[in-house]
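Trainee: Next one to model:
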Amino acid sequence: MPPVLIVTRVISGFGIGMVTATATAYLIELHGTARPEASRTRADIVSTAANIGGLAVGPLAGGPLAEYVTSPLRTPYLIFLGLLLISAAGVALTPETVAPYRPQRVSVPQAARPTFSAASAATFAAFAAFGLFTSLAPGFIAGTLHQPSRTPAGLVAFLVFGATAVTQTCLPGVTQRTLLACGLALMPLGLIAVTAAVWQPALALLLLGGVVTGAGAGLLFTGSITTVLSLADPSSRSETLAGLFLAAYTGLALPVLGVGFATRFITDKTALIGFTVLLIALCIAGSRRLLNGHATAPVAAAADN
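Mentor: Below you'll find the predicted structure:
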């Protein structure tokens with residue numbers, strides 16, 4: 001029943017939104033409690049890699065599940081429910097770091113709002129690129145390349161998110177500014193390659209463009225989270241992060257919906273060019289503020305490992 005599915009997906013979306021920002025702040029607070037003398041960089045890396053790692057594993061597992069298991073529309077949700085129950089048990093056994101609970105709203109210090117806005121724009125662009133692959137890959141592979149198997153479609157999305165997760169965890173000692181600069185350079189290059197792969201159908205170029213885009217988006221997201229955390233008051237980390245994740249998940253959904261609407265009036269290829277130009281423009285618009293702001297601290301030093 002599509003109406004029931006839509007309502008339940010909206011409810012699950014609210015739950016995901018509540019968990020991501022809170023869990024990211026929670027990891028940082030738990031790390032600070034366990035290792036009060038250490039830098040928080042390990043917690044930053046673990047939290048961002050967990051966010052993107054989950055997005056990577058989902059399509060990798062979803063493709064074979066959709067193709068090979070019985071009840072492919074139900075089985076993934078049952079597996080997901082089981083993982084949620086395990087996660088809930090783990091949270092119940094973990095010590096609380098903030099009490100009492102109070103409803104939260106997005107909170108950003110007044111002086112930090114320009115930099116926060118630049119980080120949010122970069123995050124919006126990064127997740128819009130992710131949304132492009134989760135929506136583009138299945139149709140492109142099945143239609144243009146005539147490969148109806150769902151497993152390759154899941155593999156393409158996995159490579160994008162996997163490249164993101166790898167770059168987030170494998171660059172020890174690199175400064176926040178360098179991460180942002182590399183991300184702002186790599187993501188546009190990857191998007192241009194993806195656009196070329198669609199105009200001149202080529203799976204290899206699509207995969208290469210996806211990996212480069214994912215790597216750039218991962219660096220951009222890591223740098224943006226670290227930037228926002230440096231702006232936030234320790235007592236309101238989750239409130240500030242909530243604003244960043246709001247930009248992230250808006251980017252994951254809204255631009256792709258815009259592309260879908262645009263294809264009613266223009267060709268898919270032309271819509272993709274417009275999408276790519278928009279994301280590149282967002283990267284350029286936020287680059288000056290991000291690179292000249294609070295972006296000089298090492299994101300991951302060997303001593304923290």
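
Trainee: Quick check: residue 27 vs residue 50, distance?
Mentor: Using Cβ to Cβ, to the nearest Å, residue 27 is found at 8 Å from residue 50. For every residue, glycine as well, the C-beta is placed using N, CA and C.

Trainee: can you check residue 287 too?
Mentor: In this view, residue 287 and residue 50 are 27 Å apart by Cβ to Cβ.

Trainee: Please apply the same query to residue 7.
Mentor: Using Cβ to Cβ, residue 7 is found at 28 Å from residue 50.

Trainee: of these two, who's got more company?
Mentor: residue 50 (16 against 11; other Cβ atoms under 10 Å).

Trainee: got the buried residues for the strand or helix carrying that one?
Mentor: Under the criterion of DSSP states H and E, residue 50 resides in helix 41-68. Across helix 41-68, burial judged by 16 or more other Cβ atoms under 10 Å covers 41-53, 55-56, 58-60, 62-63, 65-66.

Trainee: swap in stretch 131-143?
Mentor: Applying 16+ other Cβ under 10 Å to stretch 131-143 flags 131-138, 140-141 as buried.

Trainee: Can you lay out those residues as a markdown table showing pLDDT?
Mentor: Compiled in a markdown table, the buried residues of stretch 131-143 are given as follows (pLDDT from 0 to 100):
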| residue | pLDDT |
| --- | --- |
| 131 | 84 |
| 132 | 82 |
| 133 | 79 |
| 134 | 77 |
| 135 | 75 |
| 136 | 70 |
| 137 | 69 |
| 138 | 70 |
| 140 | 70 |
| 141 | 71 |
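
Trainee: Would you check which pair of these lies furthest apart?
Mentor: 131 and 141 (16.7 Å; Cβ to Cβ).

Trainee: with the buried residues of stretch 131-143 in mind, which one is nearest to residue 253?
Mentor: Nearest to residue 253 among the buried residues of stretch 131-143, with distances taken as Cβ to Cβ, is residue 131, at 6.4 Å.

Trainee: so what does the host helix or strand of the closest one touch, helix or strand wise?
Mentor: Secondary structure from DSSP H and E places residue 131 in helix 113-139. Secondary structure elements in contact with helix 113-139, counted by 3 or more Cβ pairs under 8 Å, 6 or more residues apart in numbering; DSSP states H and E, are helix 150-169, helix 176-199, helix 203-231, helix 237-262, helix 268-292.

Trainee: what's the closest of these to residue 110?
Mentor: Proximity to residue 110 (Cβ to Cβ) singles out helix 203-231 among the helices and strands packed on helix 113-139, at 10.8 Å.
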